[in-house]
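Colleague: Fold the following for me, if possible:
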Amino acid sequence: MIAVEAQCPGVKGRVMENVQLCPDFVGYDRLAARHLFSQLSYLERIAVTASLRGDAVAGQLDDERVHRDTFAILAARLGGMAPMAPEVKRLIEYLQAQQGEMSLAMLNVVAESWLDTVFKHVGSWGMADELFASIEADEARHVYDALQSAVPAPAQSAPVLGALERMLWEISLSPAFMLPLIHLGGPKRTAEMGLAIARAHACACDHLGVEPDTYRLRLLCRGQRMLPECRPVSMTSWQRSKMVLAEGRPMQQLLHRNLPIGDCRSPAKLQARLIRAMARVLARHPEMRLVTRRGQLFETPEPVIGLRALYDESQVVTVYVRGAHRRSTRQVIAGINRRLKRIRGKPYQPIPYLAGLEDLLPPSLCNVALSYNGHWGGESGTGPLIDIEGVPIVVTVGEPHDRPRWDGECWQAERVVTLTVAMDHRVGDGREIGHFATETIEEMERLQ
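Modeller: Next comes the predicted model:
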């Protein structure tokens, strides 16, 4: 049990009232709620520290102690406080370093408007709605009262605000903060919340006389809002049995097939044709567009192929290709090149450390990951790791080579590549991997 601030009259009673407003969580919601409440409790520490030194509005100290301790107790009941997210830690340290008028403006006009928006949206998701409504009312009052206070000179607040905007962007990419929200509210509602935060931030900046910069945040949220979601499918007894047998570990089956490539000498053209062929097969067979997450099968709404490509000489990125079954080879190549140019024009973004939050990842929208090993002299391969990503099919293309083929009269040299197809056994059996490989090769013959 977390100790509540007993020296403040009424704080302990209000905390207990808030805790009683929060229902028990079951299943994976407990993990998501524990991490969310933990990060929110850490964030409330900023306001408590600022209030103790006088950088606050009337009555804020007691309110912030109530909020901090409420979230801490709820996190403790769900398994204990989760570690502080590095992005949250940087924000806390930065805001705590502000003093006086700047502290009041940045904390209560800017940061509190963000939290007020978070509480307002999370309080409409059917999870502890009364609790978040109660806390949101306090935060809204803090923001309103702070708007009546003195405003720092824009020249002084602009650089501080710019740093806060960068930290807001970092938090929007933080797995420890965002994965619980996405799991509890879904991608679309979380994206709507992000857009509302951007609008609230713009209002705060207008009050401070500073131009806001939330372009990347709005772009991210709009992109997430437009993403289709996977649909859970009704599982057979055999499929449920495989989930139990796997115990969360992927069971991989492999298949090697030779693919004739004719006079195709361009690796880029070969990969684009293969992407089109696989997308056509998956478009015809929704039953092959299955992904798995948390012991459940999901069907993706459309074929999505991920192409492994080099970011530089040593680092790899994945370019996602949507709708390749509706596009020409030239259009697929152009789209891949555009995406790679954008990716390589930015600093490399490694896959973040998930710190035990893998179970909160949403189902993958990617059906196949394609790798080309022909540059390195390998005739076949097993493909990249797919455990965390949840990509069910990995196809590796080997180095082009000649094989003898009897044409009925004499032996001829035929140019081929070896396709190594790896499929997660939880989403398919030998029949599925065989049909996928065979139909992909047939489609490639049509695209020659």
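Colleague: Figure out how far the one helix or strand S371 maps to is from the centre of its chain.
Modeller: Assigned by DSSP states H and E, S371 falls within strand 368-372. On the basis of Cα atoms, centre = their mean, to the nearest Å, strand 368-372 sits 21 Å off its chain's mean C-alpha point.
Colleague: Following the chain past it, name the next helix or strand.
Modeller: strand 393-397.
Colleague: What count of nearby residues applies to R327?
Modeller: 18 (other Cβ atoms under 10 Å). To be clear about C-beta, it is placed using only N, CA and C from the backbone, and glycine gets the same treatment.
Colleague: for I433, same thing?
Modeller: The number of residues near I433, taken as other Cβ under 10 Å, comes to 21.
Colleague: looking at it, it is touching T420, isn't it?
Modeller: No - contact criterion Cβ atoms under 8 Å: I433 and T420 do not qualify, at 11.1 Å.
Colleague: which neighbours do the two share?
Modeller: L255 (Cβ atoms under 8 Å, 6 or more residues apart in numbering).
Colleague: Domain parsing of the chain, as residue ranges.
Modeller: As assigned by automatic domain parsing, the chain contains the domains 11-226, 233-447.
Colleague: how about the strands in the stretch 151-300 of the chain?
Modeller: With DSSP state E, counting those that start in this stretch as the criterion, the stretch 151-300 of the chain has strands at 231-232, 252-260, 290-293, 296-299.
Colleague: Count the residues that sit near A75.
Modeller: 23.
Colleague: Send me whatever helix or strand it lives in as PDB with only the CA atoms.
Modeller: Element membership of A75 [criterion: DSSP H and E] is helix 60-77. The C-alpha trace of helix 60-77 is given here as PDB (Å, rounded to 0.1, in the frame of the first residue of the first chain):
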ATOM      1  CA  GLN A  60      -3.500  23.200  -6.200                       C
ATOM      2  CA  LEU A  61      -1.200  21.500  -3.700                       C
ATOM      3  CA  ASP A  62      -3.900  19.400  -2.100                       C
ATOM      4  CA  ASP A  63      -5.400  18.500  -5.500                       C
ATOM      5  CA  GLU A  64      -2.100  17.400  -7.000                       C
ATOM      6  CA  ARG A  65      -1.300  15.200  -3.900                       C
ATOM      7  CA  VAL A  66      -4.700  13.600  -4.300                       C
ATOM      8  CA  HIS A  67      -4.100  12.900  -8.000                       C
ATOM      9  CA  ARG A  68      -0.600  11.600  -7.400                       C
ATOM     10  CA  ASP A  69      -1.500   9.300  -4.500                       C
ATOM     11  CA  THR A  70      -4.700   8.000  -6.200                       C
ATOM     12  CA  PHE A  71      -2.800   6.900  -9.300                       C
ATOM     13  CA  ALA A  72       0.000   5.400  -7.100                       C
ATOM     14  CA  ILE A  73      -2.500   3.300  -5.000                       C
ATOM     15  CA  LEU A  74      -4.300   2.000  -8.100                       C
ATOM     16  CA  ALA A  75      -1.000   1.000  -9.700                       C
ATOM     17  CA  ALA A  76       0.000  -0.700  -6.500                       C
ATOM     18  CA  ARG A  77      -3.200  -2.700  -6.400                       C
END
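Colleague: Show me what that helix is packed against.
Modeller: helix 11-20, helix 29-52, helix 129-147 (3 or more Cβ pairs under 8 Å, 6 or more residues apart in numbering; DSSP states H and E).
Colleague: between the ones you listed, which gets nearest to M251?
Modeller: For M251, the closest of the helices and strands packed on helix 60-77 is helix 29-52, at 24.3 Å, according to Cβ to Cβ.
Colleague: Distance from the chain centre to that closest one, please.
Modeller: 21 Å.
Colleague: Next, the angle from that helix to helix 129-147.
Modeller: For helix 29-52 against helix 129-147, the angle by axes from the mean of the first three to the mean of the last three Cα atoms, to 10 degrees is 30 degrees.
Colleague: which parts of helix 29-52 are buried?
Modeller: Neighbour-count burial for helix 29-52 flags 29, 31-51 (criterion: 16 or more other Cβ atoms under 10 Å).
Colleague: Next, format the helices and strands packed on helix 60-77 as TSV and append mean pLDDT.
Modeller: Converted to TSV, the helices and strands packed on helix 60-77 look like this (pLDDT from 0 to 100):
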stretch	mean pLDDT
helix 11-20	89
helix 29-52	90
helix 129-147	89
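Colleague: any chance of those in a markdown table, plus distance to L370?
Modeller: What follows is those, written out as a markdown table (distance: least, Cβ to Cβ, whole Å):
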| stretch | distance to L370 |
| --- | --- |
| helix 11-20 | 50 |
| helix 29-52 | 32 |
| helix 129-147 | 44 |
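Colleague: Can you say which of those helices is nearest to Q271?
Modeller: helix 29-52 (37.8 Å).
Colleague: Now do that closest one against helix 60-77: the angle between them, please.
Modeller: With the same axes, to 10 degrees defining the directions, helix 29-52 sits at 160 degrees from helix 60-77.
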